[in-house]
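Chemist: Take this sequence and fold it.
(4 chains)
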Number of protein chains: 2
Amino acid sequence: MTPARGRPREFDTEAALDAAMMVFWEHGYEATGVAQLCEAMGIAKQSMYDWVGDKRGLYLLAVERYYQERICGLGKMLSLEGSPIGNLWHCLHAMADYAKAPDCIGCLVTNAQSEFGTTDEELAKLTARVEAYIVDAFAGVLERAKAAHEIGAGIDCRAMGSALAVVRNGLMVAGRAGQSVESIDQTIAMIDTMLKVK
Amino acid sequence: MTPARGRPREFDTEAALDAAMMVFWEHGYEATGVAQLCEAMGIAKQSMYDWVGDKRGLYLLAVERYYQERICGLGKMLSLEGSPIGNLWHCLHAMADYAKAPDCIGCLVTNAQSEFGTTDEELAKLTARVEAYIVDAFAGVLERAKAAHEIGAGIDCRAMGSALAVVRNGLMVAGRAGQSVESIDQTIAMIDTMLKVK
DNA sequence: CGATCACTTGAACGATCGATCAGAAAACTA
DNA sequence: TAGTTTTCTGATCGATCGTTCAAGTGATCG
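Modeler: Residues are numbered from 1 along each chain as shown, chains lettered A, B, ... in the order given. This is a model prediction of the structure:
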C-alpha cells in the first residue's frame, strides 16, 4: 500500500465505473461520447483522463467490471447449494425474463464482441476470458447435475456448456433487438428438450 | 418506368452498394466513415449524397441488400429439391464453416441488431423482417422434413424454427468474436441431438 | 507553516465527423 | 443544336470528436 500523497480523489471510482458501464452497455463504444460518459459519472473530463488514460481505457475497465459484477453473478447462481439442475433452470429463466423485458439492452460483452470482433486484441482477450468463464460455469453445473443423476449420463457436459454459451449470446442479441417473446421462450424450451435427452 | 432525363449515373449502384455493404459489415455503422465508404465504392461524396441522401440511408440500403442477397440465399438453400433435412444440414454446416473461418465477420443483420437494438425504429423494423424470414425458412424446412418423416412428429416446427434463428445469432457473434472451433461444432451437435428427438 | 503533489475545472486544441455549396461536365429531350 | 436536368469534382461548412493545456484548489508531508 503506497502512502497517500497529494489531494485525494473526490469521486467514488466504483460508482463512476458503474455509471460509465451503463452508458457503454446501452449505446456501445463508438456511439458513446466522452462528454456523455463524464456527465453520467458526474466528473469532469480531465478527471477521467487522469484516472483511466483515455476512452478506451475506461471501456476496458467497464467491460471488466461487467464481467466481475454481472457475469460472475451468473456463475455464482449456478454454483449455489441444492439441485444443480434447479440452479441451471433458475439461471436460464432469469436470462429469458431479462431478454423478454421491453427495456432489455442485451449483454455488454456480447455487444462488445459484435462491435469489435477481433480487431482490438486486448479487448478480444478479455471477452474470450469471459466467454471461457461462462462455458466453465455451464459445464460445471452440468457436471454436478450429472453426478446427482439429474441429467442423462450420455450428455457431454463441456460440449453442452459451450453450446449454452453460444445460445446465450443469441438470446442477448434477441433481447436487445426486441425479438418476440415466443422466440425466446422457444429457445429455452429447446434447451429443456436437450437436457431431457438420454 | 420514368423516362431518363439529364445525365445518367456513371457508376453501378449495385456494385457500389455491395462495396458499402462490405465496409459496414466489417466495421459496423458508427465506426465507418463516409470517406471510407466512398473510397470503397469508388465515387465522390456528393454522388453518394445525391444518390441515397445520407450515411444512414446508405446503411439501410446495405442491410436491405444483405437481406436480399445473403439471407434470402439461405432461404433458397433450405427450399431446394431433395431431402429437407439434408438441406437443413447443408445450411447448418455452411453456417458453422463460416463461423469457424478465421476471417469471419459475423452477420451484418446480427451486428446491426447488436449495435442499434431498437433505437432506430426503421432499422428495427427491417431487422425484424429479416428475423421473421429466417424463422419462416427454418420452420418451413422442418415442416417439409416432418411431412417426409425425416424428423419426429412430435417436433414443434415453428418453435424449433424460432430457436434455430436465435441460435444462428449466437453463432454469428461467436464467429465474429473468433470463438473456439469447439464451441461452434458443439452448438451444431446440440442441434443435431435436438432433431433426433422423438 | 511552507512545500509539494494530485485532483478539479473550464477553455481550447487539432482532427475528423457528416453534410453542403458552387460550378464544370455530360447526356438526355425537344 | 439549344435547353434542361442530373452527375461529377473539389473546396468548404459548422459541429463534434477525443484529447490536452493552464490555472486554481485542497489535502498531505516534512
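Chemist: Now do the closest residue in space to A:C107 that isn't next to it in sequence against A:L164, distance only.
Modeler: Once flanking residues are discounted, A:C107 sits nearest to A:M172: 4.0 Å by C-beta to C-beta, 6 or more residues apart in numbering or on different chains. Placement of C-beta: from N, CA and C, glycine included. Applying C-beta to C-beta, to the nearest Å, the value for A:M172 to A:L164 is 13 Å.
Chemist: what is the mean pLDDT for stretch A:63-77?
Modeler: For stretch A:63-77, the mean pLDDT works out to 97.
Chemist: Show me which positions of that stretch end up buried.
Modeler: Buried residues in stretch A:63-77, defined by neighbour count with 16 or more other C-beta atoms under 10 Å in any protein chain shown: A:63, A:65-67, A:71, A:74-75.
Chemist: and the helix or strand hosting A:L58, is it in reach of DNA strand D?
Modeler: According to DSSP states H and E, A:L58 maps onto helix A:55-66. Yes: using C-beta under 7 Å from any atom of the strand, helix A:55-66 comes into contact with DNA strand D via A:55-56.
Chemist: Is any residue of that helix near DNA strand C?
Modeler: No: Helix A:55-66 does not reach DNA strand C (C-beta under 7 Å from any atom of the strand); its nearest approach is 12.4 Å.
Chemist: go on, stretch A:13-28?
Modeler: No: Stretch A:13-28 is not in contact with DNA strand C by C-beta under 7 Å from any atom of the strand; minimum separation 9.4 Å.
Chemist: average pLDDT across that stretch?
Modeler: Mean predicted confidence for stretch A:13-28 is 95.
Chemist: Which residues are in contact with A:T127?
Modeler: Contacts for A:T127 (C-beta atoms under 8 Å, 6 or more residues apart in numbering or on different chains) come out as A:63, A:109, A:112-113, B:177.
Chemist: what helix or strand is it on?
Modeler: Assigned by DSSP H and E, A:T127 falls within helix A:121-147.
Chemist: Also A:R7?
Modeler: Per DSSP H and E, there is no helix or strand for A:R7.
Chemist: separation between it and chain B?
Modeler: For A:R7, the distance to chain B (C-beta to the nearest C-beta, to the nearest Å) stands at 37 Å.
Chemist: residues touching that residue, list them.
Modeler: Neighbour list for A:R7: empty [criterion: C-beta under 8 Å, 6+ apart].
Chemist: quick one: it and DNA strand C, what's the gap?
Modeler: The gap separating A:R7 from DNA strand C is 4 Å, by C-beta to the nearest atom of the strand, to the nearest Å.
Chemist: do A:E131 as well
Modeler: As for A:E131, its distance to DNA strand C is 30 Å (criterion: C-beta to the nearest atom of the strand).
Chemist: so who does that residue touch?
Modeler: By C-beta under 8 Å, 6+ apart, the contact set of A:E131 is A:109, A:165, B:177, B:179, B:183.
Chemist: just those now: which is nearest DNA strand C?
Modeler: Nearest to DNA strand C, judged by C-beta to the nearest atom of the strand, of those is B:A177 at 24.0 Å.
Chemist: Any regions of chain A where pLDDT drops low?
Modeler: Scanning chain A for pLDDT under 70 picks out A:1-6, A:198.
Chemist: mind running it again at 90?
Modeler: Within chain A, the stretches with pLDDT under 90 are A:1-13, A:44, A:193-194, A:196-198.
Chemist: contacting residues around the residue nearest to A:C107?
Modeler: By C-beta under 8 Å, 6+ apart, the contact set of A:M172 is A:99, A:106-107, A:110-111.
Chemist: residue contacts, the closest residue to chain B within chain A?
Modeler: Residue of chain A nearest chain B, by C-beta to the nearest C-beta: A:G170 (3.0 Å). Applying C-beta under 8 Å, 6+ apart to A:G170 gives the contacts A:187, B:166-171, B:173.
Chemist: same deal with A:L78?
Modeler: Taking C-beta under 8 Å, 6+ apart as the criterion, A:L78 is in contact with A:84, A:87-88, A:91, A:137-138, A:140-141.
Chemist: For DNA strand D, tell me which of the residues you listed show up nearby.
Modeler: The residues of these that also fall near DNA strand D, by C-beta under 7 Å from any atom of the strand, amount to none at all.
Chemist: Quick check: residues of chain A near DNA strand C?
Modeler: A:5-11, A:43-47, A:50-51.
Chemist: Drop anything exposed from these.
Modeler: Among the residues of chain A next to DNA strand C, those buried by neighbour count (16+ other C-beta under 10 Å) are A:43, A:47, A:51.
Chemist: May I ask which helix or strand encompasses the closest residue to A:I191 other than its chain neighbours?
Modeler: Leaving aside its chain neighbours, A:I191 sits nearest to A:L92 (6.3 Å; criterion: C-beta to C-beta, 6+ apart). For A:L92, the enclosing helix or strand under DSSP H and E is helix A:84-100.
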